[in-house]
Structures are given as C-alpha cells and as structure tokens.
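Q: Attaching a predicted model along with its sequence, questions to come.
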Amino acid sequence: EAQVTQNPRYLITVTGKKLTVTCSQNMNHEYMSWYRQDPGLGLRQIYYSMNVEVTDKGDVPEGYKVSRKEKRNFPLILESPSPNQTSLYFCASSPAGTGGWQFFGPGTRLTVL
Amino acid sequence: AQKITQTQPGMFVQEKEAVTLDCTYDTSDQSYGLFWYKQPSSGEMIFLIYQGSYDEQNATEGRYSLNFQKARKSTNLVISASQLGDSAMYFCAIPGGGYQKVTFGTGTKLQVIP
C-alpha cells in the first residue's frame, strides 16, 4: 500500500529534550516536505527537500532541522523543543518531484511542556 | 512570494445543496497551479482537485469543481449536492516558483446540516 508513515503519532515531551519525528514514504517520491498546523494559521511549511541531500527552508524553519540521506526518509529534528512548537505536524511527499500534488502522512501531534 | 487568502473561517450548507468556498491568491509566477485539500475531523489531509494557470477549462472531479478566474486571482471550490461526509476543513494551496515551496491558506471549516 502506498503510504507516508510518521512516528510517533503522539508525543508529549518537556522543554529542551531533543526529539526526532520520523517520516518515510514507499512511493519513490523525490519531493518531501514538513508542515505544522496551528488553529487559525492553516498549514505552514517548515522544510522541504527536492531530492537526496537537497533541502531548503520553508516559511517557519526556526527551531527545526531536517536531513535527507535516503530518498524514502525525511526526519524532522527538534534540537531543543519549546512550548511554541506544540503543534500538529505533517510530512508529505510528491510524485512529481516538486511541491504540487502531495500525499500526506497521518500527522504527529506534539506537545511540549 | 506566494499568498493565499481564504476569507471564510466557517460555513454551513444544507445537505444536497451546493456550496462555494472562496480562495484568492497572489503570485509573481507566470505559470502556476492551485490545489485544494480536504481535512476531515479524523485529521488526514486529502488532495481534492488541481487547476493549472494555463488550463483553458475549469477543473472538475466528480462533485468538486473549480471556478477559476485568473484575472481576479481567485479559484473557488464548488461542491455540488453536499453530503454529510463533506463536513471538513478545506485548504487552498499554491506552490512557489519551480513548484518547490508551498503556501497554504488558513482554511474554511464546512459543516453540512442534515
């Protein structure tokens, strides 16, 4: 089954404790991206990647890191989480090699205390 | 930079009626695409429909269609014969130059009333 998987789906953590949210797709898509969703703000892009070893900042990259060492994986790293990073996070991939039509993961709800 | 504006935070529609969700955009790109996504209460994001800026006809996918007015920079989503399962958040989105960076609107919450 074609899918984008994210782990964990839910996470409660404390300020400053490094965490990684994994994202993996099994569709051989070149383009992958991370978004955060906050009430009233819609989805905002954090980082995106056009291909392996190619990443770039979206609109809200501060406090986040990503890496793309393999085509299928695009982890999101929060080195020192803060409460303002409490949000719903989505990973997405695109078959077109660009950010057009995107296939989304199920989301990760993160709470930083 | 791209910008998407969805001015209707929430809307109600009677079951079996049609409803129009508004989306206006701003872009400096000559060629671009516009995307609509649905997010039901379960949380997943589902691609609905796409309109290319040079498409001569409005996009249609089943009960979903777009009213694309390029000069007004608007692409409104029309849902015909609304069903209870259409109750969801709807987001309009536009990719940036080279279809890399993507900007989403703030969404419209649609509630279908029996």
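A: That came through, no problem. Numbers count the residues shown, from 1 in each chain, chains lettered A, B, ... in the order given.
Q: tell me the contacts of residue 87?
A: Picked chain A for this. Contacts of A:S87 were listed using CB atoms under 8 Å, 6 or more residues apart in numbering or on different chains, and they are A:R36, A:Q37, A:D38, A:L110. Using the backbone N, CA and C atoms, a C-beta is placed for each residue, glycine as well.
Q: Correction: the question concerned chain B.
A: Contacts here follow CB under 8 Å, 6+ apart; on that basis B:S87 touches B:P40, B:S41, B:L110, B:Q111, B:V112.
Q: What is the neighbour count of residue 63?
A: No chain was given, so I picked chain A. A count of neighbours around A:G63, defined by other CB atoms under 10 Å in any protein chain shown, yields 14.
Q: wrong one, chain B
A: Residues contacting B:R63 under the criterion other CB under 10 Å number 13.
Q: List the contacts of it.
A: Taking CB under 8 Å, 6+ apart, we find B:R63 in contact with B:I79, B:S80, B:A81.
Q: Read off the pLDDT value for it.
A: Note on B:R63: pLDDT of 97.
Q: ok, it to B:F91 distance?
A: When CB to CB, to the nearest Å is the yardstick, B:R63 and B:F91 sit 18 Å from each other.
Q: try B:Q30
A: The gap separating B:Q30 from B:F91 is 24 Å, by CB to CB.
Q: out of these two, which sits in the busier spot?
A: Neighbours of B:Q30 and B:F91, each counted by other CB under 10 Å, are more numerous for B:F91; the result is 25 against 8.
Q: is the more buried one in a bridge, and if so with what?
A: The bridge-partner assignment for B:F91, based on DSSP bridges, gives B:Y37.
Q: Sheet partners, orientation included, of the longest strand anywhere in chain A?
A: The strand spanning the most residues in chain A, taking DSSP state E as the definition, is strand A:42-51. Within its sheet, strand A:42-51 is paired with strand A:31-38 (antiparallel), strand A:54-57 (antiparallel), according to DSSP bridges.
Q: Most neighbours out of the contacts of A:S87, which is it?
A: When neighbours are counted by other CB under 10 Å, A:R36 leads those with 23 neighbours.
Q: Quick check: that one touching A:V60?
A: Yes. Counting by CB atoms under 8 Å, A:V60 is a contact partner of A:R36 at 6.6 Å.
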